[in-house]
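In: I'd like to go over a predicted model; first the sequence, then the structure.
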Amino acid sequence: MSFGIPLSQLIVESPKPLSSGITGLDEILSLGFQARSIYEIFGPPGIGKTNFGVQLVSRSLEKMKPLETNEDKILWIEAFQDMPINILRERFPKFDIVEDNVKRVRIMRFGQLLYFFQNLFKLSQSTKYKLIIIDGFSQLVCDHLCTLSKRSGGMIDKILHDLKCRHLILIFTAMTKYTHSTGSTIILLNDCMNTAFQSNEFGSLEEDYEVLEDGSNFYVNSNSERRKSNVHILKSALVANIAMGGKDSTWEVFLRDRIGLFRDWNEQADETIFVKSKRVKTPSSQDDEGCTIKEVRINKRNFENFRIAIVFNLHGDDRDKDRDGGRSKRTRNSEDRNRIVKFDFDRATGQFRDIIDQKANAANIGSIPTLSASSSSCSQLFVNMESDDNQMPYVEGKEEVIYDSEG
Amino acid sequence: MKYEDLELITLWPSPTRADLCQFIKENLLNKHVTTQLFFIDATNSFPLSHFQQLVPPDLLENVKIYENIRINTCLDLEELSAITVKILQILSMNKINAQKDTEDAAADPLKIILYINGLEVMCRNSQFKSSPQRSHELIRDILLKLRVMANNARAPIRTVLEFPKEQLLDYYFMKKNKTSALSSASMHNKRRRMKNGDSLAEYIWRYYADSII
């Protein structure tokens, strides 16, 4: 007489982890996004959270064989933003595989989502989704909390954090039941919020911090002498919202990992030369066409493409220690324990990928007209001008204007 | 920490994956004694990849270990109560069999380690489903059953409860003998207790647990 699943059976039955397409991230996540798990991905607007979700859907679809009937489907839950189905249409010219395997549903209330997952669990024997992506989960939660606060006229604001924790436990329980019964993976795509609240000290919130009266609901340090420590940081919108407090660990236990996507401001790229030209009429020009002005910009950083993912250590594990078999000294600094991965976002394809070796890229840089070559290839420059404009990243560094011989 | 060193109910605040894997390996590797580990969890927290690295599943001598670890998902106290009853039935059956068969009785009986993670989540979910009183009754009932059975030498079972370290700060620092940290942590905990009361981990430590790792 025995019960429970033997570990050997669990290993055999577990599907392979879903690779993100970023080698460093996959390594930290133990080869990718694991089955029977919930992950949170958060980041500022425009960082590419939705694109990341689409990339996971694409990689999941690539594994499927087109002619076979797949029992395991993919579910995309959209809150306030439509799923960018066009990207999938471009990536999969035979769109049938997408239509057959990717289901979409729009949910705009927290209660609806809870009810949806409770019913999904009941139907889990007949319909299995191996990957569920919820785009804008934090918006649903924040909307729900604001509604609760408004309805009560601010009467429950003191217990709003407790309410948030309880409601998140409720919905994560429903999600966990589903993931465990079907072996699926749930990815939450969340916003991030700026907050000064970073203390884990229980009970100190009301004493040391006050809410700004500009309606932003951010806690700031009320003691002017301690202004220096009043640093605002970006956190997940599930943590930093109108219901901030010190009990977030009660619902964070459900998350396998929390991944923050940010721009990489520190990365130093190899210098890339962008050449832009335009024709202007000057008093000294002898023909009707005027002269050509070439602007040569030496770009040091390309903020648009560089990304970092911070994999937060939610459960107090020391991954380095684990990897070394417990020999290394345990670090106490949470920043040390968080893992950072650098990668690129390819704006043209909307995909995240490993950083391509800059030296290998030198060949591509060579194809951009240089100053010496461009003086005799105006037509080529005109052709490239528009595309250069579009791809011109934030420019910081040298900028010079050169009048060529035609002027 | 070996089975013989474990008390009836032990608390373990936030073990690292490596420590947990090492604990499981140490206790299940003994070829002469059969030890089963029931890993009961409200989340998917078993460190599978770490354990596979530490105990390669493809080695013949490790097959038994993988068979003797049983994973259960449990999201409320009613489910945990049902699981506890089943485990106690297993122990009772073994006890009866040992009494019937003299040869078996001479041998070491089956040892069980019950590892529970996420008790607070189970408790909160039970409060949602029924009431705080009912959930309190259930938790008392489960822990008392486990203590009673663990006290019987012929039905060996040891229970390890995992809790977040933050819930046991006083006791954690006391254990680590950090007096300066203890005073500041105690002050914060006192303030928190006045506001919110004891955490579940503190309640269990005070009334049911024997030791803390």
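Out: That came through fine. Numbering: from 1, shown residues only, chains lettered A, B, ... in the order given.
In: so who does the nearest residue to residue A:51 once chain neighbours are set aside touch?
Out: Spatial nearest neighbour of residue A:51, chain neighbours left out: residue A:350 (4.9 Å); criterion: CB to CB, 6 or more residues apart in numbering or on different chains. The way it works is simple: take the backbone N, C-alpha and C, and place the C-beta from them, glycine included. Residue A:350 is in contact with A:48, A:51, A:54-55, A:87, counting by CB atoms under 8 Å, 6 or more residues apart in numbering or on different chains.
In: what's the answer for residue A:161, then?
Out: Counting by CB under 8 Å, 6+ apart, residue A:161 has contacts A:243-247.
In: same question, residue B:158
Out: Counted by CB under 8 Å, 6+ apart, residue B:158 has contacts B:3, B:6-10, B:111-114, B:150.
In: neighbours around residue B:162, how many?
Out: As a burial measure, residue B:162 scores 20 neighbours (other CB atoms under 10 Å in any protein chain shown).
In: pretty sure it is touching residue B:15, no?
Out: Yes - contact criterion CB atoms under 8 Å: residue B:162 and residue B:15 qualify, at 6.5 Å.
In: Quick check: pLDDT value at residue 161.
Out: No chain was given, so I picked chain A. In this model, residue A:161 is scored at 88, pLDDT.
In: Chain B, not that one
Out: Value listed for residue B:161 in the pLDDT field: 90.
In: now swap in residue A:21 and tell me
Out: pLDDT at residue A:21 comes out at 87.
In: can you pull the contacts of it?
Out: Residue A:21 is in contact with A:55, A:59, A:351-353, counting by CB under 8 Å, 6+ apart.
In: Double-check that it belongs to a helix.
Out: No - under the criterion used here (DSSP: H, G, I helix; E, B strand; the rest coil), residue A:21 is coil, not part of a helix.
In: how much space is there between it and chain B?
Out: According to CB to the nearest CB, to the nearest Å, residue A:21 and chain B sit 20 Å apart.
In: Let's see which of the contacts of residue A:350 end up in helices.
Out: With DSSP state H as the criterion, helices contain A:51, A:54-55, A:87 from among those.
In: Buried ones only from those, please, as a PyMOL command.
Out: Typed into PyMOL, the line below selects the buried ones among the ones in helices among the contacts of residue A:350, using 16 or more other CB atoms under 10 Å in any protein chain shown:
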select buried, chain A and resi 51+54+55+87
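In: Going by distance to chain B, which of the ones in helices among the contacts of residue A:350 wins?
Out: Here the nearest of the ones in helices among the contacts of residue A:350 to chain B, counting by CB to the nearest CB, is residue A:55; it sits at 22.8 Å.
In: In chain A, what residue comes closest to chain B?
Out: The nearest approach of chain A to chain B comes at residue A:4, 3.3 Å away (CB to the nearest CB).
In: Can you report how many residues lie near that residue?
Out: Residue A:4: 21 neighbours (other CB under 10 Å).
In: Could you verify my assumption that it touches residue B:71?
Out: Yes - using CB under 8 Å, residue A:4 is in contact with residue B:71, at 5.8 Å.
In: who touches both of those two?
Out: Here residue A:4 and residue B:71 have residue B:39 as joint contacts, going by CB under 8 Å, 6+ apart.
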